[in-house]
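Sharing a model that was predicted from the sequence below.
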Amino acid sequence: LHAELRSGLHEERGGLDYSVLLTARPPFMVRSLVQKLRRLAGQTPRMSILPGQGGTMEVAKSALRVLAGNYTRLGTTKVARVVEYAALFPEIVGRFVFIGDDGQADLEASLQMLGLTAPASGAQEGNGEVPAPEQFLLAFVAVHAVNLGATDEDSGFVVPERQRSELVRRVRIKYSPLSVERSQTDSVEGEASVPLRHRFFYFENYQDLAKQLCDAGWLNAEQEQAVERAAKRDRLADPLKAAMLYDLKALRKALNEWSMSPSQEEWDEAELENFSTAGLHLPSVLRTHVRLALPPPEARRLVLRVRDVKVAGQYFAADTAKPRLLWKDLGGEAPIGHPHARALRALTKGPNMWATAWESAPGELSIPWPCDEVCREGSRVAVDVVLDTGEINQVGRFFVVLDDSAGAVRHGGVAEVDIVASRSGPEILPPVGELHVYISWEGNVKTPREVLRSATIAASETFVHSPAGVLSAAAFAATGSFR
């Protein structure tokens, strides 16, 4: 939406157009906003942030108001900042727009901004007899309806819909719509049916705002559709977030959804970077997973047996390192009475709880099958590796998924897997180790070699009892008799 609203300035200023983040927060409280709102910067990229007042006392007062949720004075500060900033660009008078929400005094501030005026672009000062013409400083303001989550009592909106509709009606009566000539913007193709442009909008999401702006003539139909496509992309899963969580299933799904997006040519820089970075991380995420091929129907138990572990550049045989493998359903609860549950929960220091922690001999996990944690839709299983050094020493973890694609490990196979830190972070870190784990299914299950041997024996027996087999046997006996 920001790109579409800046489209006119983009051509006029050679791509040096940019959005301005207006906040009453003091300078030290806006540093995190640079990364958080970088998508508004456009492809240049460029964005301005106008913080609140400086000075020790003013900074302290503003910070206290923000922390206490008192935004009334902050709204007044925002209005003052708009006036100061607009004075730097007199040629854009009448083309500024303000987009805020109704949660931090932006609603009150926006109503004040609608009445701000300034000399029209290119107007000369009056000669004492005829004053210089003035026009509204802002083309329009739009207020986002904040939703805190629906409850049994209300819809969750800070301002209910009925109250919003009444406010829009009263504000539009007080501040009349602009004609196309007074709006200081180019007319929109097919705008004959939209002679006036409203200046106050209340919206629930950006698709809603784009439609209202199109109905009022501020955007054309093509621009509205571009905003709608961008909103749909915003609802897609974030592939980079999935990569940071080492979630192979979610990462594959997200990459597939984005690759199937019909509007790839409209991706902004952040979307392109997220997609490409997540794709580069896919091999690393893949190496942290034991991908199990679908087991045969007769399987009743899954066994994971460590052969060796590499930590800090040193290899340890399983019988030397004696690693313990702890099976964790991410999001479950700790099993009652597990001897290491309390200590391991203290190590993770996160919201995830232990669901099951199957453990038998050192370096071995024996899991009853079918296993709900693996088979359940959307489930994630981590296997934490703990070395037996006299006290709990958590090395890291790897993950287990069912995956019948190429490279999946079958009964009797060995998986080489990277061990990563147990806590995810803002980036993919190098593995802390690696291990080889032998996979077997119990319950009258045969390895591929055993299956092939059985098939060969069965085929031989069939051949012997066939007419051709009998004839071959008779010929062999005749040859033996001749000798």
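Happy to help now that I have it.

contacts, neighbours, all on C-alpha from now
Fine.

next structured bit after the helix or strand hosting D319?
Take DSSP states H and E as the rule and D319 turns out to sit in helix 318-321. Next in sequence after helix 318-321, counting helices and strands by DSSP H and E, comes strand 324-329.

Parallel or antiparallel, which strands does that next one pair with?
Partners of strand 324-329 in the sheet, by DSSP bridges, are strand 381-388 (antiparallel).

ok, then the element right after the strand it pairs with?
Proceeding N to C from strand 381-388, the next assigned helix or strand is strand 392-402, under DSSP H and E.

And the contacts of that following strand?
Taking Cα atoms under 8 Å, 6 or more residues apart in numbering as the criterion, the residues outside strand 392-402 that touch it are 288-294, 311, 343, 347, 374-375, 380-387, 417-422, 432-433.

Any chance of a ChimeraX selection covering the buried ones in those residues?
To isolate the buried subset of the contacts of strand 392-402 in ChimeraX, counting by 16 or more other Cα atoms under 10 Å, use the following:
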select :288,289,290,291,292,293,374,380,381,382,383,384,385,386,387,417,418,419,420,421,422,432,433
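
Please narrow the contacts of strand 392-402 to those residing in strands.
The subset of the contacts of strand 392-402 located in strands under the criterion DSSP state E comprises 289-292, 311, 381-387, 417-419, 433.

So among the residues you listed, where is pLDDT lowest?
Among these, L387 has the lowest pLDDT, at 79.

from memory that one sits against T320, does it?
No: in terms of Cα atoms under 8 Å, L387 does not count as a neighbour of T320; the distance is 10.0 Å.

Rounded mean pLDDT for whatever helix or strand A254 lives in, please.
A254 belongs to helix 248-259 when elements are defined using DSSP H and E. In this model, helix 248-259 carries a mean pLDDT of 94.

In the stretch 101-250 of the chain, where is pLDDT below threshold?
When residues are selected by pLDDT under 70, those of the stretch 101-250 of the chain lie in 104, 120-133, 150-154, 180-195.

Tell me which stretches of it form strands.
In the stretch 101-250 of the chain, strands defined by DSSP state E, counting those that start in this stretch lie at 117-119, 134-136, 138-144, 178-179, 196-197, 200-203, listed in chain order.

Output the helix holding A254 as PDB - backbone C-alpha positions only.
Listed next in PDB are the C-alpha coordinates belonging to helix 248-259 (Å, rounded to 0.1, in the frame of the first residue of the first chain):
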ATOM      1  CA  LEU A 248      11.500 -29.000   7.900                       C
ATOM      2  CA  LYS A 249       7.800 -29.700   7.200                       C
ATOM      3  CA  ALA A 250       6.900 -26.000   7.600                       C
ATOM      4  CA  LEU A 251       9.800 -24.800   5.600                       C
ATOM      5  CA  ARG A 252       9.000 -27.000   2.600                       C
ATOM      6  CA  LYS A 253       5.400 -26.000   2.800                       C
ATOM      7  CA  ALA A 254       6.200 -22.300   3.000                       C
ATOM      8  CA  LEU A 255       8.700 -22.500   0.100                       C
ATOM      9  CA  ASN A 256       6.200 -24.300  -2.000                       C
ATOM     10  CA  GLU A 257       3.400 -21.800  -1.300                       C
ATOM     11  CA  TRP A 258       5.700 -18.900  -2.100                       C
ATOM     12  CA  SER A 259       7.000 -20.500  -5.300                       C
END
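
Which strands or helices does it pack on?
helix 239-244, helix 269-287 (3 or more Cα pairs under 8 Å, 6 or more residues apart in numbering; DSSP states H and E).

Many thanks, we can stop here.
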